[in-house]
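Novice: how does the following fold in three dimensions:
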Amino acid sequence: MEHRYDFKAIRNGFLCSILGVVLCTSKGLGQTFGRGEWLNLSHTQKLSGKLDLLAEFQLRSLNRFEYLSTVLLRAGLNYNFDKHYSVAVGYYYSEEWEKQDGKNKHLRDQRIFEQYAYDLKVERISTKWRARLEQRFVDDPEQAFSQKLSLQGAIQVPLLADREFNKGVFARLEEEIFFNIEHKDLPDVTFYDQSRPYFGLGYRWSKKVEAEFGYIRWFEHKTAGDTKTNVMQLKFSTNF
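Specialist: You can find the predicted model right below:
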């Protein structure tokens, strides 16, 4: 039996969920630790019917472009079992800078990651669910090695677009949570690490090129105290 979906009902439910996220996060705006600005460039290059090359580059600044806090590179090889299921392995590298008590602290972070993803489309609505395991190597004697697990869910809904959604305006809602699953007993480390609820609006120029601008409510949980950061992100995505 063929299942039919009510696109308008799904879209309206999505917009209500966005409103709920805004109302929930706005309660803590007075406790925000800082501001951040991120530029995200993401690319997927199809190598064959089953294999893709994944690449991501990020620049992050803090406190209204006061200083560059992070330069991040991520690359991986993705294998598609079918149009829904895929696995990937890859490498992550970042340079991070932080100002503490008038001094600049530098950290180099390298990771190997493995991930599993499930993609589902309902008419023109796209959803993605991803689990990623990372082995983290940091040039800090107190946190030399650890393992992290991240779980992400995302939904993209066209708002003003053509019937096939080849181009047009869309909204995206995401949530990603992070856990420290090995060496969580290290200083200032907890099992529940952080969360990043996100809402963005974007424009699809074609099936291969998208741009979006959005807001991340970045919450970090540490033994020394929780921090909250309002992040504005500009993202460009390509898929060839």
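Novice: C-alpha only now, for contacts and for neighbours.
Specialist: Fine.
Novice: what's the longest strand in the chain?
Specialist: What stands out as the longest strand in the chain, according to DSSP state E, is strand 103-122.
Novice: which SS state does E164 fall under?
Specialist: coil (DSSP: H, G, I helix; E, B strand; the rest coil).
Novice: phi, psi for it please.
Specialist: Phi and psi for E164, reported as degrees, to the nearest 10, are phi -90, psi 0.
Novice: re earlier: could you export whichever helix or strand comes after the longest strand of the chain as CSV, CA atoms only?
Specialist: Using DSSP states H and E, the helix or strand that follows strand 103-122 in sequence is strand 125-138. C-alpha atoms of strand 125-138 as CSV (Å, rounded to 0.1, in the frame of the first residue of the first chain):
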residue,chain,number,x,y,z
ILE,A,125,11.4,17.3,3.1
SER,A,126,14.8,15.9,3.9
THR,A,127,15.9,14.4,7.2
LYS,A,128,19.3,13.2,8.3
TRP,A,129,20.3,11.2,11.4
ARG,A,130,24.0,10.7,12.2
ALA,A,131,26.1,9.0,14.9
ARG,A,132,29.8,9.9,14.9
LEU,A,133,32.6,8.4,17.1
GLU,A,134,35.9,10.3,17.4
GLN,A,135,39.3,9.4,18.8
ARG,A,136,40.8,12.7,19.9
PHE,A,137,44.5,13.5,20.3
VAL,A,138,45.3,16.8,21.9
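Novice: parallel or antiparallel, which strands does the helix or strand that strand 125-138 is followed by pair with?
Specialist: Using DSSP H and E, the helix or strand that follows strand 125-138 in sequence is strand 145-161. Paired strands of strand 145-161, with direction, are strand 125-138 (antiparallel), strand 168-182 (antiparallel) (DSSP bridges).
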